[in-house]
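[1] Any chance you can model this:
(chains A, B, C and D)
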There are 2 protein chains.
Amino acid sequence: MNYSRQRQIILESLRENAVHPGAEYLYDIVKKEEPNLSLATLYRNLNRLAGAGIIKKIEGLEESAHYDHNTHEHYHFLCTKCNKIFDVSSDVAPDLLQKTESQTGFKVESYDIIFKGICNECR
Amino acid sequence: MNYSRQRQIILESLRENAVHPGAEYLYDIVKKEEPNLSLATLYRNLNRLAGAGIIKKIEGLEESAHYDHNTHEHYHFLCTKCNKIFDVSSDVAPDLLQKTESQTGFKVESYDIIFKGICNECR
DNA sequence: TGACATAATGAGAATTATTATCAGTTTAGG
DNA sequence: CCTAAACTGATAATAATTCTCATTATGTCA
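    As a prediction, the model looks like this:
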């Protein structure tokens, strides 16, 4: 995989500026540094980076996908009131992968937990 | 909520014929009994039934949503080879809701775990 | 260094799933 | 039996994402 200027800016923007942005939000950030960037290039690179395991694509939170530079095992919580996304520690479900593999006999390649509800602020 | 003929057929089709169908697949089944059914009516009813907790909408498996008549706590596994969807027992993550609520202080209203990988058949 | 194959890009068209609109139909309850 | 509310079919609209394609950049190896 080549690291074009565009790809680097996308990755840096995700790492330094945005926590769990959707593509459109990230597009606005990246455009400040690379005004001619095509939306297609953004999507292409997000998919490419996620495919290589460098970032993680989070689906099922909202209609649109979100992207996370933090690839350490953790889960996500969407507040349905303020629409903010929070991290949830992986120890709410210890040994999830191993338990699932041994119980099902399947080979688990990826998994994710999505919580929805109301955050503290919004209660 | 009224139970129109269409709504009943949709719910019955989901319960009796299809396990975790997407909308298009379910549409084909339902059309056998109700050939004039509009796709909009199918979507409207699936959303309505899911909103009422009578069925469950599963997102994040594929681009399109899937629907499950089984509303008991359980999770899902998508085989990326044969594209079949399997149930995963909820005991792979015991007390997930309580643990998450007490750890975050948030109010969890819904949650789901999506696994992807290779099923036994496909190994 | 130069040439070529490969990979990447920008622009915009295309696709897919889903939702909105709206006029007409059905239904439940008084 | 009448009316308001809920529902329907058909189709247009929307939103997110992918595809196409002509062009440009990059890495490699002679």
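
[2] Quick one: mean pLDDT for the helix or strand where residue A:9 lies?
    Per DSSP states H and E: residue A:9 is located in helix A:5-16. Average pLDDT, helix A:5-16: 95.

[3] quick one: the following helix or strand past that helix near DNA strand D?
    Counting by DSSP H and E, the next helix or strand C-terminal to helix A:5-16 is helix A:23-33. Yes. Using CB under 7 Å from any atom of the strand, a contact is recorded between helix A:23-33 and DNA strand D, made by A:23-24. (Each C-beta comes from the backbone N, C-alpha and C, glycine too.)

[4] Which strands or helices does the helix or strand following helix A:23-33 pack on?
    Using DSSP H and E, the helix or strand that follows helix A:23-33 in sequence is helix A:39-51. Helices and strands touching helix A:39-51, by 3 or more CB pairs under 8 Å, 6 or more residues apart in numbering or on different chains; DSSP states H and E, are helix A:5-16, helix A:23-33, strand A:56-58.

[5] How about the contacts made by whichever residue of chain A sits closest to chain B?
    Across chain A, the shortest distance to chain B (CB to the nearest CB) belongs to residue A:60, at 2.8 Å. Contact analysis of residue A:60 by CB atoms under 8 Å, 6 or more residues apart in numbering or on different chains lists A:112, A:114, B:59-60, B:112, B:114.

[6] And for it, nearest residue in space, chain neighbours not counted?
    Closest residue to residue A:60 apart from its sequence neighbours, by CB to CB, 6 or more residues apart in numbering or on different chains: residue B:60 at 2.8 Å.

[7] do the same with residue A:22
    residue A:64 (4.7 Å).

[8] rewinding a little: and the gap between the residue of chain A closest to chain B and residue A:66?
    10 Å (CB to CB, to the nearest Å).

[9] Would the biggest strand by length in chain A count as contacting DNA strand D?
    Assignment by DSSP state E gives strand A:107-118 as the longest strand of chain A. No. Contact of strand A:107-118 with DNA strand D is not found when judged by CB under 7 Å from any atom of the strand; the minimum separation is 14.3 Å.

[10] what's the domain layout of chain A?
    In terms of domains, chain A is parsed into A:5-68, A:74-117 (source: automatic domain parsing).

[11] May I have the distance across the shortest one, first residue to last?
    Read it as domain A:74-117. Domain A:74-117 has an end-to-end distance of 17 Å (criterion: CA to CA, to the nearest Å).

[12] near chain B, anything from that domain?
    Yes. Shown here: domain A:74-117 in contact with chain B (CB under 8 Å from any CB of the partner chain) through A:77, A:79-80, A:86, A:88-89, A:91-93, A:96, A:99-100, A:103-117.

[13] could you flag which of those residues are buried?
    A:77, A:79, A:86, A:88, A:92-93, A:96, A:99-100, A:104, A:106, A:108, A:111-117 (16 or more other CB atoms under 10 Å in any protein chain shown).
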